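# With the sequence up front, the predicted model follows.
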Amino acid sequence: MKQRINLKVNGTNHEIEVPAQRLLVDCLRYDLGLTGTKEGCSVGVCGACTVLVNGEMSASCLTLAAVLDGAEITTIEGLAQDGRLHPVQQSFIDHGGFQCGICTPGQVMAAKALLDVNANPTEQEIREWMMGNLCRCTGYYKILESIVNAIGPTQAR
Amino acid sequence: MIDFELHSPNTLAEAFSLLETYGEDARVMAGGTALVLQMKQRLAQPKHVISLRRVTGLNRIEESVNGSANGSGGLKIGALCAQQQVATSPLVKEKLPLVAETYQRVATPRIRYMASVGGGLVHGDPSQDPPPSLIALGASLTLTSARGRRVVSLEDFLIDYYETDVRPGEILTDIFIPSAPAGSGAAYLKFLPRTADDYATVAVAAVVTPGDGNRCQDVRIALGAVGTTAIHATQAEAILRGRPLTEENIRAAAFSVKEVVDPLDDYRGSAGYKREMAEVFTRRAIQQALAKAREVTGKVKG
């Protein structure tokens, strides 16, 4: 049974028709063509599908798109502003925070969500916040370094 | 993914009406982490899903004297509070630190943002973190329906593996947690053999209230992940209550839990191993809770 919903994604309003069982990750990727969000495990554990819903981290693989009628969603595509990368994105590039890149959108979204609520986290706080974003390539060292080095520029934003 | 119809009521009254109409064909959804996963795996196949996302007023945390047997007060937590909200709430950290600490151990921050307190309790997985601590604090639940309200203790609410006492037409609306006894110390120990975001192999919550002359004035112990539900270890409590809090008595209380646990063999450990660890972690939980109680008393006296 299809429903008409309004999703505000990265500041743009989309009026779309989705069946009740459409998951947000599929809605973003297939209905809206925003393929930056990845699906890793499909059970909410790996964090690759992390997006922000009304500013808070959410597993898009476990969210029904239809319940988000009226919500504000931020995906990886929404971070860069006026052609300039978000400080977290820039820091991941500068500090080598990714290899294959499949977990990276989720890592960046989670890191951004952290800095939005805690502009100056300790390394321990970063580790605890990021524990839900798994990476098979990097061993996490460079991800951590990227986030640590993103502190500061974000404050200036 | 299964096919179903999604309903998004704006009020509890609308939700009750939908439950009345669809009965057993409907499942209520809060955060959805458990239900969406079960539907993906076809472990749940409701024809109708009733999302509570638009219902307001069920996500408050407030001080309350309602529902406490001795009127000493506690916290009332709305069933739709996000688990992260409870884990980070200054009020919860101040009044019931065991609750904040326990919710902080659930899964990952992302899951805690999505999952609700009420949804977690209704789900009834025996390995969840909150139930042992909530049972140790004597938490009770309010189930609301079109016909009125019903209050039930959490330990009575947890019936069996994924089976909880939500009756037709009912929705869990709030949880009341009494304040911990004055002078008590509490601990929640989560024994994890693998990653920190996992369920426990064994979990134990203890609230210890020392009395005069190192006697145990009161103790509450509950275990998780070692039965078909969280277990209130009343047998262990009876061994300690009113007796001196000696190493020997604590060990005897911990030993007694081996008889009341009924763990499963799984990849978190064999049944035999979990039984042994239930004893070890019960002993440690009592000891750590007691140490905390003495620390607090020391600060007060000092």
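Yep, that arrived. Numbering: from 1, shown residues only, chains lettered A, B, ... in the order given.

# alpha carbons only for contacts and neighbour counts from here, please
Fine.

# quick one: the residue positioned nearest the centre of chain A and chain B, what's the gap?
Most central in chain A under Cα atoms, centre = their mean is A:M109, positioned 3.1 Å from the mean C-alpha point. Distance of A:M109 to chain B, computed by Cα to the nearest Cα, to the nearest Å: 11 Å.

# Next up, the contacts around that residue.
A:M109 is in contact with A:50-52, A:57, A:75-76, counting by Cα atoms under 8 Å, 6 or more residues apart in numbering or on different chains.

# In strands, which of those residues appear?
A:50-52, A:57 (DSSP state E).

# Go through those and give me the one with the most neighbours.
When neighbours are counted by other Cα atoms under 10 Å in any protein chain shown, A:T50 leads the ones in strands among the contacts of A:M109 with 32 neighbours.

# Who are the contact partners of residue 128?
You didn't say which chain, so I picked chain A. No contacts exist for A:E128 under Cα under 8 Å, 6+ apart.

# wait, I meant chain B there
For B:Q128, the contacting residues are B:106, B:199-200, B:224-225, by Cα under 8 Å, 6+ apart.

# can you pull the buried residues of the longest helix along chain B?
The longest helix of chain B (DSSP state H) is helix B:271-301. Across helix B:271-301, burial judged by 16 or more other Cα atoms under 10 Å in any protein chain shown covers B:271, B:274-275, B:277-294, B:297.

# contacts with chain A among these, please.
Filtering those for proximity to chain A by Cα under 8 Å from any Cα of the partner chain leaves nothing.

# Just give the number of residues close to the residue lying closest to B:V260 once chain neighbours are set aside.
Leaving aside its chain neighbours, B:V260 sits nearest to B:A233 (7.3 Å; criterion: Cα to Cα, 6 or more residues apart in numbering or on different chains). B:A233 has 25 neighbouring residues, counting by other Cα under 10 Å.

# Where do the helices of chain A begin and end?
Ranges of helices in chain A, per DSSP H, are A:24-26, A:87-94, A:104-117, A:123-129, A:141-150, A:153-156.

# At the contact with chain B, which residues of chain A appear?
Contacts of chain A with chain B, taken as Cα under 8 Å from any Cα, map to A:1, A:20-21, A:43-44, A:47, A:50, A:56-59, A:62-64, A:66-67, A:129-132.

# what stretches of chain A score poorly on pLDDT?
Across chain A, the ranges flagged by pLDDT under 70 are A:153-157.

# what ranges do the helices span in the stretch 151-300 of chain B?
Secondary structure of the stretch 151-300 of chain B (DSSP state H, counting those that start in this stretch): helices located at B:154-157, B:234-240, B:247-256, B:271-301.

# coming back round to it: how about the residue nearest to B:V260, what does it touch?
Contacts for B:A233 were tallied using Cα under 8 Å, 6+ apart; they are B:220-223, B:257, B:260.

# Tell me the one of these nearest B:L154?
The closest of the contacts of B:A233 to B:L154 turns out to be B:A222 (Cα to Cα; 11.5 Å).

# Report the central residue of chain B.
Taking Cα atoms, centre = their mean, the centroid of chain B lies closest to B:P131, which sits 2.0 Å from it.

# Could you find the closest non-adjacent residue to that one?
Leaving aside its chain neighbours, B:P131 sits nearest to B:A230 (6.2 Å; criterion: Cα to Cα, 6+ apart).

# so how many other residues sit close to the one you found?
Using other Cα under 10 Å, the number of residues around B:A230 comes to 31.

# How about B:S270?
B:S270, neighbours per other Cα under 10 Å, totals 13.

# Then B:A115?
As a burial measure, B:A115 scores 23 neighbours (other Cα under 10 Å).

# Can you report phi and psi for the residue nearest to it when sequence neighbours are not counted?
Excluding its sequence neighbours, the residue lying closest to B:A115 (Cα to Cα, 6+ apart) is B:G31, at 4.6 Å. Main-chain dihedrals, B:G31, degrees, to the nearest 10: phi -70, psi -30.

# and the host helix or strand of B:G119, average pLDDT?
Secondary structure assignment for B:G119, by DSSP states H and E: helix B:117-123. On average, the pLDDT along helix B:117-123 is 98.

# Mind checking if that helix is in reach of chain A?
No - with Cα under 8 Å from any Cα as the criterion, chain A is not reached by helix B:117-123; the gap is at least 14.4 Å.

# CA atoms only for that helix, dumped as PDB, please.
Extracted in PDB, the C-alpha atoms of helix B:117-123 (Å, rounded to 0.1, in the frame of the first residue of the first chain):
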ATOM      1  CA  VAL B 117      12.900   2.400  26.500                       C
ATOM      2  CA  GLY B 118       9.400   1.000  26.200                       C
ATOM      3  CA  GLY B 119      10.000  -0.800  22.900                       C
ATOM      4  CA  GLY B 120      13.000  -2.500  24.300                       C
ATOM      5  CA  LEU B 121      11.100  -3.800  27.400                       C
ATOM      6  CA  VAL B 122       8.100  -5.000  25.300                       C
ATOM      7  CA  HIS B 123      10.600  -6.800  22.900                       C
END
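
# Give the next helix or strand downstream of that helix.
With elements assigned by DSSP H and E, the helix or strand that comes after helix B:117-123 is helix B:130-136.

# Run through the neighbouring helices and strands of that following helix.
Based on contacts counted as 3 or more Cα pairs under 8 Å, 6 or more residues apart in numbering or on different chains; DSSP states H and E, the elements that helix B:130-136 packs against are helix B:97-104, helix B:154-157, strand B:202-210, strand B:216-224, strand B:231-232.

# Most tightly packed of those?
Counting by mean count of other Cα atoms under 10 Å in any protein chain shown, strand B:202-210 has the highest mean neighbour count of those, with a mean of 30.

# got the angle for that one vs strand B:216-224?
Angular relation of strand B:202-210 and strand B:216-224 on a 0 to 180 degree scale: 170 degrees, by axes from the mean of the first three to the mean of the last three Cα atoms, to 10 degrees.

# Touching strand B:202-210 from outside, list them.
For strand B:202-210, contacts defined as Cα under 8 Å, 6+ apart pick out B:129, B:132-133, B:136-137, B:180-192, B:216-226, B:245, B:274, B:277-278, B:281-282, B:285-286, B:289-290, B:293.
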